[in-house]
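Visitor: give me the fold of what follows.
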Amino acid sequence: MDVKFTAQDVAEWDTDAVAGWLQLIGKPNLVEVFHDNDINGTVLLDLDDEILSEMNINEADSKYLLKAVQQMQANEGTGGGEELASGSDSDGDGPAAAPATSAASAAASVSLKDTAKKGSSASVAAKPVQIKDKKKDPLRIAAKAKAVADLSNCSVTSGFLYKLGGSGLKPKHWQKRYFVLTDDNCLYYFKSPKDLSALGMVLLPSYAINLCDKSENPGNKPFAFKAYNREHEDMRKYVFAAETEKEMKTWMNVMSLASIAFGTGKASMKKSEKEAPRLSEDQDVDLALMQKRASERAGGVSGDSVSTVATKEKVSDFVGKTRKASKGGPQLCLVKLLDGQTMQLYAEPSTTGQQFLDQICTMLKAYEKYYFGLKFKDDKGDVDWIKLDKKILKHDFPKTNKGHLELEFCIRLYPMDVTQVLQYVTLYQCFLAAKQSILQDELDVSNKDAFLLASLALQALKGDYDPSAHSASVLAQEPLIPKRNMKDIAIDGNVKPGDLGLFYAEEVIRVWKSLQGILRHLAVLKYMQIVQKHKRFAMVYFDIKNKNGAPLVMGVNPHGLFIYRIGQLYKPIVTFSWAECSELAFTEKKFTIQVHDKETKAFSVYCTRSKICQRILYLCIGLHRLYVQTMRQWSDPPEDLDAMRQEAIAAALVEREELKKEAIAVRKKAKKLRKEKEKTLEEAKKSSAPTATPPAAAAA
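Guide: Alright, predicted model coming up:
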């Protein structure tokens, strides 16, 4: 028998319940656009052709939706599902509280029409209420219609977790459930992996993921975390627990990624009427978790690194099915971080490069934002940087059918000296970028330095050498030594190509063992101190020509500008330090460098495109600005740099306390191990000492 929804039932639905109803009637493709426009039950009842057209819904789907809504208004069945038993299972998995609106439907329709054209979403303030008849909860019905086997093709990750449940007079208790997270951001849970019907589902984009408090964890079950609605705190909270810390971090990671797939990233990028948008703890309650994950990536200061294997394996499918860019709406951006992970964010048409960069830096807890930038490939195939004062979507991105934009979070302006960096997070990002440059043969390092840098990198990323976890055969599969050095080693050491990986892995381990006891952040600092001595470190190269058309290369780094001949990048033919430069300018394809000595004629070079001259100028301006502040010891910085620096100083003080705690813990552990070793040696000496012969035995 068909489930019948009355207009009164529908008026109680929140956006999640509407999403469940869309899945129930076979229109899951519309869940995202309805969620983006905050279509709750009250607005749903007042949908018309005009509103659906503004939401970019095609004619066929519009007719189907309007017919289904008319049936509900006439108190007829939706034809979307079967009636289910009304009894609630022991989990208490009936529908969560759903916000209903008391505002007039006409007002909601006007609000939607007014905002849809501007690309923002309509919302009506509401107090959460419970859906009275659980048989008529669309989310519950949609979940009951799913079996584990039905979700196998769209599963992002799955496995067992404990879930805190209980209903009626039954006290809250932990029950083991089988969870499946799908690529449409829904979390289903079952009693077993063979179940033909789900107990319930959670639409994650409405929720935030975080560790739970002791008050929310009866029995203080270890590795517990929660999912709670970020918009309506009165709604039901889901509490989970994993078997191990690694499993907990994995689930929190993939659930957090699903929760920001459409919603958090988009909402935080929306332009406020009062002030420029900026992601902060007040605006986004799951920011604390994201910051924790970011700091864990930063050399393990606050814990072990988060496992992201499941996410990386599925990221392409997951991204492809989360959202398609709509004309005039937010655009999905995939931002590749320096540690290799990918961050998903949405850029509104009004979002500037500075706002976008601010959001990423805030998530990473990196407040020295002037060192960072966003890189992309333009429509000509050349590498370009996002201009901070320009809107993201106005840049010359290549036209592809991928449905998303690809960006790279990089170090744009390196410091003259790594000791000038305030935050460890900034230093760690510089370390990742430097390590990447070395492995890509962008810097020439000696074989001795190559092994030392590889060992320091392992110490920074993995900690002390552990024979059980870091065997030579395992390390041989990882990129540790630049290819240029590997070739030199093969020639000098007469090593066979098949044995080369094992050879350099054993040599790296030998050096790594000597670094035992060095803290991770000190290994990062030592690594950067070695790398920054290299003359070509942080050098950005541009192809240029002189006035006669002879090809040359211009290099720009934190110390100045350098002109090289082709193939002779080890020795510049002309050098301009920042202290010498008085004026930099370009006219079309001509780039001019003027020094303070007025008797010296301006030096001019030529680029193939005026855009390249512009890139050189912007890079020089940024580096020269940092050079001036460094020379003045930041005594009177500009207002924008001063604000960033004050935030960085505050964050650095917190980091130092964390690093002190880590150092104390390492020292205590080392002391304990030393005592255990001494005790073992004493026991070994006692057991090996010769036993004295009794006098009676000697007389006999």
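Visitor: chain center to stretch 12-21: distance?
Guide: How far stretch 12-21 lies from its chain's middle: 29 Å, per CA atoms, centre = their mean, to the nearest Å.
Visitor: show the average pLDDT along it.
Guide: What stretch 12-21 shows for mean pLDDT is 76.
Visitor: how about stretch 534-541?
Guide: 87.
Visitor: same thing with stretch 601-609?
Guide: Throughout stretch 601-609, pLDDT has a mean value of 89.
Visitor: ends of it, what's the gap?
Guide: 24 Å (CA to CA, to the nearest Å).
Visitor: what's in contact with that stretch?
Guide: 542-547, 552, 554, 563, 574, 576, 589-595, 613, 616 (CB atoms under 8 Å, 6 or more residues apart in numbering). No exception for glycine: its C-beta is placed from N, CA and C like everyone else's.
Visitor: ok, so what distance separates residue 342 from residue 66?
Guide: To residue 66, residue 342 is 39 Å away according to CB to CB, to the nearest Å.
Visitor: verify the contact between residue 569 and residue 555 for me.
Guide: Yes. Assessed by CB atoms under 8 Å, residue 569 is found in contact with residue 555 at 7.3 Å.
Visitor: need the CA coordinates for the helix or strand containing residue 461. CSV is fine.
Guide: In this assignment (DSSP states H and E), residue 461 forms part of helix 447-462. Once non-C-alpha atoms are left out, helix 447-462 reads as follows in CSV (Å, rounded to 0.1, in the frame of the first residue of the first chain):
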residue,chain,number,x,y,z
ASN,A,447,75.1,12.3,-2.7
LYS,A,448,76.1,12.8,1.0
ASP,A,449,73.5,15.6,1.4
ALA,A,450,70.9,13.5,-0.5
PHE,A,451,71.2,10.7,2.1
LEU,A,452,71.2,13.1,5.0
LEU,A,453,68.1,15.0,3.7
ALA,A,454,66.3,11.7,3.1
SER,A,455,67.0,10.6,6.6
LEU,A,456,65.9,13.9,8.1
ALA,A,457,62.7,13.7,6.1
LEU,A,458,62.0,10.3,7.5
GLN,A,459,62.7,11.4,11.0
ALA,A,460,60.4,14.4,10.5
LEU,A,461,57.6,12.3,9.0
LYS,A,462,57.9,9.0,10.8
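Visitor: could you list the low-pLDDT ranges of the stretch 551-700 of the chain?
Guide: 689-700 (pLDDT under 70).
Visitor: hmm, try it at 80
Guide: Across the stretch 551-700 of the chain, the ranges flagged by pLDDT under 80 are 598-599, 632-641, 645, 655-656, 659-660, 662-663, 666-667, 670, 688-700.
Visitor: what about the strands in it?
Guide: For the stretch 551-700 of the chain, strands defined by DSSP state E, counting those that start in this stretch occupy the ranges 551-557, 560-565, 574-577, 581-587, 590-595, 603-606.
Visitor: state the distance from the residue lying closest to residue 464 once chain neighbours are set aside to residue 43.
Guide: Of all residues not flanking residue 464 in the chain, residue 516 sits nearest, at 4.9 Å (CB to CB, 6 or more residues apart in numbering). Distance of residue 516 to residue 43, computed by CB to CB: 63 Å.
Visitor: neighbour count for the two, which is higher?
Guide: Neighbours per residue (other CB atoms under 10 Å) separate residue 516 from residue 43, with residue 43 holding more: 25 against 11.
Visitor: the more buried one: which element?
Guide: helix 41-45.
Visitor: whichever helix or strand comes after that helix packs against which elements?
Guide: In the C-terminal direction, the helix or strand that comes right after helix 41-45 (DSSP H and E) is helix 49-54. Secondary-structure packing of helix 49-54 (3 or more CB pairs under 8 Å, 6 or more residues apart in numbering; DSSP states H and E): helix 59-73, helix 105-116.
Visitor: what segments of the stretch 451-600 of the chain are helices?
Guide: 472-475, 483-492, 500-513, 520-531 (DSSP state H, counting those that start in this stretch).
Visitor: list of residues touching the second one?
Guide: Spelled out, it's helix 483-492. Counting by CB under 8 Å, 6+ apart, 441, 444, 445, 447, 450, 481, 495, 497, 500, 503, 504 sit against helix 483-492.
Visitor: quick one, that helix and helix 500-513 angle?
Guide: 100 degrees (axes from the mean of the first three to the mean of the last three CA atoms, to 10 degrees).
Visitor: shift numbering so it begins at 5
Guide: OK, 5 is where the count begins now, so the last one is helix 487-496.
Visitor: okay but residue 165 is in contact with residue 255, surely?
Guide: Yes. Counting by CB under 8 Å, residue 255 is a contact partner of residue 165 at 6.6 Å.
Visitor: any common contacting residues for the two?
Guide: Common neighbours of residue 165 and residue 255 (CB under 8 Å, 6+ apart) are 183, 244, 246.
Visitor: turn these into CSV, columns for neighbour count, pLDDT and secondary structure.
Guide: Formatted as CSV, these follow (neighbours: other CB atoms under 10 Å; pLDDT from 0 to 100; DSSP: H, G, I helix; E, B strand; the rest coil):
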residue, neighbour count, pLDDT, secondary structure
183, 19, 92, strand
244, 25, 91, strand
246, 21, 92, coil
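Visitor: want to throw the residues you listed into JSON lines with distance to residue 350?
Guide: Output for the shared contacts of residue 165 and residue 255, formatted as JSON lines (distance: CB to CB, whole Å):
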{"residue": "183", "distance to residue 350": "26"}
{"residue": "244", "distance to residue 350": "27"}
{"residue": "246", "distance to residue 350": "29"}
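Visitor: between those, which is closest to residue 528?
Guide: residue 246 (30.2 Å; CB to CB).
Visitor: count of residues packed around the residue nearest to the closest one when sequence neighbours are not counted?
Guide: Using CB to CB, 6+ apart and skipping the chain neighbours, the partner closest in space to residue 246 is residue 252 (3.9 Å). Other residues lying near residue 252 total 20 when counted by other CB under 10 Å.
Visitor: what's the answer for residue 601, then?
Guide: Residue 601 has 9 nearby residues by other CB under 10 Å.
Visitor: how far away is it from residue 565?
Guide: Distance from residue 601 to residue 565, by CB to CB: 16 Å.
Visitor: residue 483 too?
Guide: According to CB to CB, residue 483 and residue 565 sit 32 Å apart.
Visitor: of the two, which one has the most company?
Guide: residue 565 (27 against 12).
Visitor: shouldn't that one be in contact with residue 596?
Guide: No. Assessed by CB under 8 Å, residue 565 is found out of contact with residue 596, at 11.6 Å.
Visitor: what is the strand or helix carrying the residue nearest to residue 246 packed up against?
Guide: Per DSSP H and E, residue 252 falls inside helix 249-263. Helices and strands touching helix 249-263, by 3+ CB pairs under 8 Å, 6+ apart, are strand 159-169, strand 177-186, strand 211-215, strand 228-233, helix 291-301, helix 313-324.
Visitor: sheet partners, orientation included, of the first one?
Guide: In the sheet, strand 159-169 lines up against strand 177-186 (antiparallel), strand 242-245 (antiparallel) (DSSP bridges).
Visitor: what's next to the shortest one, contact-wise?
Guide: So that's strand 242-245. Here strand 242-245 has contacts from 165-168, 178, 183, 206, 211, 216, 220-221, 225-232, 252, 255, using CB under 8 Å, 6+ apart.
Visitor: switch to 10 Å and redo it
Guide: With CB atoms under 10 Å, 6 or more residues apart in numbering as the test, strand 242-245 has contacts from 95, 97, 100, 165-169, 176, 178, 180-181, 183, 191, 193, 204, 206, 211, 213, 216, 220-223, 225-233, 251-252, 255-256, 259.
Visitor: I am finished for the moment; much appreciated.
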